[in-house]
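Asker: Predicted coordinates and the sequence they were generated for:
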Amino acid sequence: MALVVQKYGGTSVGSPDRISRVADRIVATRAAGNDVVVVVSAMGSTTDELVALAEAVNSRPPAREMDMLLSAGERISMALTAMAIAARGVEAVSFTGSQAGIITDAAHGQAKIQEIRGTRVREALAEGKVAIVAGFQGVNPDSRDVTTLGRGGSDATAVALAAALDADVCEIYTDVEGVFTADPRIVPDARKLDELSFDEMLELSAGGAGVLMTRSVEFGRRYGIPIHVRSSFDDSEGTWVKEHTMEQAIISGIAHDVSEAKVTVWAVPDRPGVAARLFEPMAEAGINVDMIVQNVSRQGTTDISFTVPKAAVETARQIAERVAGELGAAGVQVDADVAKVSLVGAGMKSHPGVAAGVFRALAEAGINIEMISTSTIRISCVVSGDQVEDAVRALHAAFEPPMVEAEVGA
């Protein structure tokens with residue numbers, strides 16, 4: 001008997017009819033001889049509605065109370081899903097994150113999973129029941145407060161549970177058929193990928209592909225849990241994310257991210273320790289800095305540009321202005337109208353010319369590159385925000401992912 005962990009997103013459980021269809025799928029998986037653990041998100045736009053309610057009574061609600069409020073969304077969907085399964089003659093029991101033993105740190109709104117005890121979930125499986133777990137939430141053992149894991153946190157809940165329970169597979173059900181070579185809303189002829197390596201999926205997620213939360217992919221890679229991203233509206237095969245793929249594509253896909261802003265500190269004294277003076281307080285403030293570019297020194301000074309989430313840009317600006325004043329830098333500039341486009345493929349590290357192709361395609365489309373960052377399997381460029389969709393289309397047309405070995409030089 002296999003153990004299958006299934007995660008259903010907010011669209012999949014967005015109405016009683018959709019919950020009923022989810023229940024049918026769960027019961028069918030159980031009837032096929034599998035133990036089943038299910039993780040559910042809040043129904044539809046419930047989380048956004050709860051955020052709006054909070055802001056209606058307090059423009060700066062306490063983080064602890066926000067977590068108490070937001071965790072209610074998944075509690076509703078988990079109970080309704082358990083009820084729908086029971087109506088089909090299969091025993092099911094629902095658990096909150098704390099009841100499932102999901103232990104986190106104390107960072108309200110962006111908590112990290114530290115441990116999954118899962119005692120009650122294992123007991124339910126041993127009794128032949130389907131276990132339904134509320135995604136997106138856990139508990140801090142020191143304060144005993146409810147915590148939430150941030151947007152997309154139900155993905156992390158599901159894969160972490162799969163790892164803790166030694167599941168055979170984690171199925172992520174969503175409103176799309178799998179992972180595509182680009183956003184189909186921008187590139188209508190984007191193709192669904194049959195499989196990706198964990199490293200490729202990590203780069204795509206970090207580049208803005210919203211189909212999987214980055215932390216969930218990290219859990220999958222660390223514990224070797226295959227992830228199957230598929231549609232909750234049909235039975236077709238989706239995209240498998242796993243350690244090794246049958247064929248490493250040179251270019252697998254293109255991701256874009258419009259959620260970042262660029263900060264530039266002008267004419268910083270070019271001496272050891274300056275970068276640390278700038279980025280240490282950013283880290284202490286909990287700001288995730290993405291791309292960093294330092295220009296060539298001119299007359300003893302240099303410019304440093306970096307990107308941060310737009311939600312944190314005002315805090316980043318304040319820190320940068322304070323540090324710039326302490327260092328005697330010329331000033332700080334913030335540009336919120338930027339976006340990042342990333343080309344990802346495990347095979348590009350052994351094939352020269354990919355970077356040149358990226359720059360050529362963007363130049364021919366009349367798109368200026370403001371920043372460049374690379375890894376062995378990714379090339380990312382920051383461009384003007386109003387040109388990001390053109391950039392995605394230009395790169396997709398130039399490389400036609402997934403590009404495999406046979407297409408090199410074609």
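Answerer: Here it is on my side, so go on.
Asker: after the helix ranked longest in the chain comes which helix or strand?
Answerer: For the chain, the helix that runs over the most residues, judged by DSSP state H, is helix 63-86. Remark: after helix 63-86, the chain's next helix or strand is strand 92-95, criterion DSSP states H and E.
Asker: Let me see the contact set for the closest residue to residue 354 other than its chain neighbours.
Answerer: Spatial nearest neighbour of residue 354, chain neighbours left out: residue 348 (4.5 Å); criterion: Cβ to Cβ, 6 or more residues apart in numbering. Using the backbone N, CA and C atoms, a C-beta is placed for each residue, glycine as well. Residues in contact with residue 348 (Cβ atoms under 8 Å, 6 or more residues apart in numbering) are 250, 251, 354, 376, 377, 379.
Asker: Give me the secondary structure label for residue 348.
Answerer: Judged by DSSP: H, G, I helix; E, B strand; the rest coil, the three-state class of residue 348 is helix.
Asker: Quick check: it vs residue 257, distance?
Answerer: Look at residue 348 and residue 257: by Cβ to Cβ, to the nearest Å, they are 19 Å apart.
Asker: same thing with residue 178?
Answerer: Taking Cβ to Cβ, one finds residue 178 at 20 Å from residue 257.
Asker: One more: residue 113?
Answerer: 24 Å.
Asker: these two touch, right, residue 274 and residue 327?
Answerer: Yes. With contact defined as Cβ atoms under 8 Å, residue 274 reaches residue 327; the gap is 6.3 Å.
Asker: shared neighbours, the two?
Answerer: Residues within reach of residue 274 and of residue 327 at once, by Cβ under 8 Å, 6+ apart, are residue 268.
Asker: Quick check: which ranges of the stretch 151-300 of the chain have low pLDDT?
Answerer: Applying pLDDT under 70 to the stretch 151-300 of the chain flags residues 245-248.
Asker: Name all residues that make contact with the residue positioned nearest the centre of the chain.
Answerer: Note on the chain: the residue nearest the mean C-alpha position is residue 213, at 2.4 Å, using Cα atoms, centre = their mean. Going by Cβ under 8 Å, 6+ apart, residue 213 touches 151, 152, 153, 155, 156, 205.
Asker: Tell me how many other residues crowd the residue nearest to residue 173 when sequence neighbours are not counted.
Answerer: Of all residues not flanking residue 173 in the chain, residue 232 sits nearest, at 3.9 Å (Cβ to Cβ, 6+ apart). A count of neighbours around residue 232, defined by other Cβ atoms under 10 Å, yields 21.
Asker: same thing with residue 87?
Answerer: Neighbour count for residue 87, taken as other Cβ under 10 Å: 12.
Asker: now do residue 314
Answerer: Residues near residue 314, counting by other Cβ under 10 Å: 11.
Asker: next helix or strand past the helix or strand that it is a member of?
Answerer: Per DSSP H and E, residue 314 falls inside helix 313-327. Proceeding N to C from helix 313-327, the next assigned helix or strand is strand 331-335, under DSSP H and E.
Asker: Provide a list of residues in contact with residue 132.
Answerer: Contact analysis of residue 132 by Cβ under 8 Å, 6+ apart lists 38, 39, 40, 78, 81, 82, 85, 92, 93, 94, 95.
Asker: quick one: buried residues of stretch 309-328?
Answerer: Of the residues in stretch 309-328, 309, 312, 313, 315, 316, 317, 319, 320, 321, 323, 324, 327 count as buried by neighbour count, 16 or more other Cβ atoms under 10 Å.
Asker: and the last one, what pLDDT?
Answerer: Put plainly, it is residue 327. Reported pLDDT at residue 327 in the predicted model: 94.
Asker: residues contacting it?
Answerer: Residues in contact with residue 327 (Cβ under 8 Å, 6+ apart) are 268, 269, 274, 277.
Asker: Show me how far stretch 110-117 is from its chain's centre.
Answerer: Relative to the chain's own centre, stretch 110-117 is displaced by 16 Å; criterion: Cα atoms, centre = their mean, to the nearest Å.
Asker: next one: stretch 68-87
Answerer: Stretch 68-87 sits 23 Å away from the centroid of its parent chain (Cα atoms, centre = their mean).
Asker: Check stretch 302-319 too.
Answerer: What separates the centre of stretch 302-319 from the centre of its chain is 21 Å, taken as Cα atoms, centre = their mean.
Asker: distance between the ends of that stretch?
Answerer: With Cα to Cα, to the nearest Å as the measure, stretch 302-319 spans 18 Å from end to end.
Asker: List phi and psi for the residue lying farthest from the centre of the chain.
Answerer: The centre of the chain is farthest from one residue, residue 299, which by Cα atoms, centre = their mean lies 41.8 Å away. Phi and psi for residue 299, reported as degrees, to the nearest 10, are phi 50, psi 40.
Asker: Now do it against residue 266, distance only.
Answerer: When distance is defined by Cβ to Cβ, residue 299 is 13 Å away from residue 266.
Asker: which residue ranges form the strands in the stretch 1-150 of the chain?
Answerer: 3-8, 35-40, 92-95, 102-104, 113-116, 130-134, 137-139, 146-148 (DSSP state E, counting those that start in this stretch).
Asker: Sorry, wrong one. I was asking about the stretch 301-410 of the chain.
Answerer: When assigned using DSSP E, counting those that start in this stretch, the strands of the stretch 301-410 of the chain occupy the ranges 301-309, 331-335, 338-344, 371-375, 378-384.
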